[in-house]
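In: Here is my input; please provide its structure:
(one chain, ligands or ions: 1)
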Amino acid sequence: MKQWRSDEIYSSAILRAYDLWVLGVSNRWAWRCPTRRLLDAYNRHVGDRHLEVGVGTGYFIDRCAFPHGSPTRLTLVDRNPSCLAWAGRRVGRHAPQAVPADALQPMPDEVRQGEPFDSAALNYLLHCLPGPMPAKAAAVRHAAACVKPGGVVFGATILGQGVRHNAFGRRLMRTYNRRGVFGNEHDDASDLETALADHLDGITIEIVGVVALFAGRTAGLA
Ligand SMILES: C[S@@+](CC[C@H](N)C(=O)[O-])C[C@H]1O[C@@H](n2cnc3c(N)ncnc32)[C@H](O)[C@@H]1O
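Out: The predicted structure follows:
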């Protein structure tokens, strides 16, 4: 069976189907977390200077309401150049900076330099990364290091433990974890909380269906 690295599957063909399959079908019927809930979280937390890590098709940064209409700094980070190109085109009106990088490594200088970000999102990234959760926490740490003190790091991740998956969800979880597209079969809310608490203050975690929506504030790690 072909094994994928966490970002490898997102070819142009997959990206063409992503919004319909993941945001339309899977979110509602497998993960039981309507995409609207994720968009609401963006609308609550996104700031004028925003760092988007793991960009996919750029759906949320395209649809969300930035505080003043358009961000003053929008940086897209992804290991997959197809995702950066796709999302970059979609939000071209915001003149984004696209940076190819691994979220598990310290952010490149062009991300770290300049005005620190008001917010960073890791939406549907952590469940793609190989486990266990303490290893994934590096992505939270590196994103948080680019956010101003008191800024927000937020996102959502599909859990594998401590939630009730339906038959459709169990089937997708099995297939995606076997193939390396997901690495979340052992992820639970308590490990997520520990991973976030190492790098953020005032953490909130809300479980909707099998998805944990999280947010926390930086204490000045930069
Ligand atoms: C499931 S998609 C989520 C896309 C988008 N954030 C959303 O919520 O619709 C995961 C994204 O993370 C990227 N990704 C996966 N592993 C990564 C890594 N180690 N470093 C950077 N990006 C990664 C993938 O290329 C893909 O764009």
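In: Show me which residues of the protein are close to the ligand?
Out: Selection of the chain residues close to the ligand by C-beta under 6 Å from any ligand atom yields 6-7, 10, 54-56, 59-60, 78-80, 83, 102-104, 123-125, 128-129. In this view, the C-beta of every residue, glycine as well, is placed from N, C-alpha and C.
In: hmm, 5 Å instead?
Out: 6-7, 10, 54, 56, 78-80, 83, 102-103, 123-125, 128 (C-beta under 5 Å from any ligand atom).
In: Strand partners (parallel or antiparallel) of the top strand by length along the chain?
Out: Within the chain, and with DSSP state E defining each element, the longest strand by residue count is strand 147-158. Paired strands of strand 147-158, with direction, are strand 117-123 (parallel), strand 211-217 (antiparallel) (DSSP bridges).
In: re the thing from before, now, which of the residues of the chain next to the ligand lie within helices?
Out: Among the residues of the chain next to the ligand, the ones falling in helices (DSSP state H) are residue 83.
In: hang on, the earlier thing: return the most buried member of the strands paired with strand 147-158.
Out: For the strands paired with strand 147-158, the largest average neighbour count (mean count of other C-beta atoms under 10 Å) is found in strand 117-123, namely a mean of 26.
In: If you average the pLDDT over that one, what comes out?
Out: Strand 117-123 shows an average pLDDT of 98 in the prediction.
In: Could you list the residues in contact with the next helix or strand after it?
Out: Later in the chain than strand 117-123, the nearest helix or strand by DSSP states H and E is helix 133-144. For helix 133-144, the external contacting residues (C-beta atoms under 8 Å, 6 or more residues apart in numbering) are 51, 53, 103-107, 120, 122, 125-126, 129-130, 153, 183, 186-188, 191-192, 194-196, 198-200, 218, 221.
In: Quick one, which of those residues are buried?
Out: Neighbour-count burial (16 or more other C-beta atoms under 10 Å) applied to these gives 51, 53, 103-104, 107, 120, 122, 125-126, 129, 153, 183, 187, 191-192, 195-196, 199-200, 218.
In: State the pLDDT value of the residue of the chain found nearest the ligand.
Out: Per C-beta to the nearest ligand atom, residue 56 is where the chain lies closest to the ligand, at 2.4 Å. What the model reports as pLDDT for residue 56 is 97.
In: do you know how far it is from residue 200?
Out: 23 Å (C-beta to C-beta, to the nearest Å).
In: show me the contacts for residue 204.
Out: Residue 204 touches 214-216, counting by C-beta under 8 Å, 6+ apart.
In: now residue 200
Out: Applying C-beta under 8 Å, 6+ apart, the residues near residue 200 are 140, 144, 153, 216-219.
In: Recalculate using a threshold of 6 Å.
Out: Neighbour list for residue 200: 153, 216 [criterion: C-beta atoms under 6 Å, 6 or more residues apart in numbering].
In: in the chain, what spans have low per-residue confidence?
Out: The model of the chain has pLDDT under 70 over residues 220-222.
In: the strands in it, which residues?
Out: Here the chain has its strands, by DSSP E, at 49-53, 73-78, 97-100, 117-123, 147-158, 201-208, 211-217.
In: The longest one: how far from the chain's middle?
Out: If I follow you right, that is strand 147-158. Chain-centre distance of strand 147-158: 10 Å, with C-alpha atoms, centre = their mean, to the nearest Å.
In: With that, I have no additional questions.
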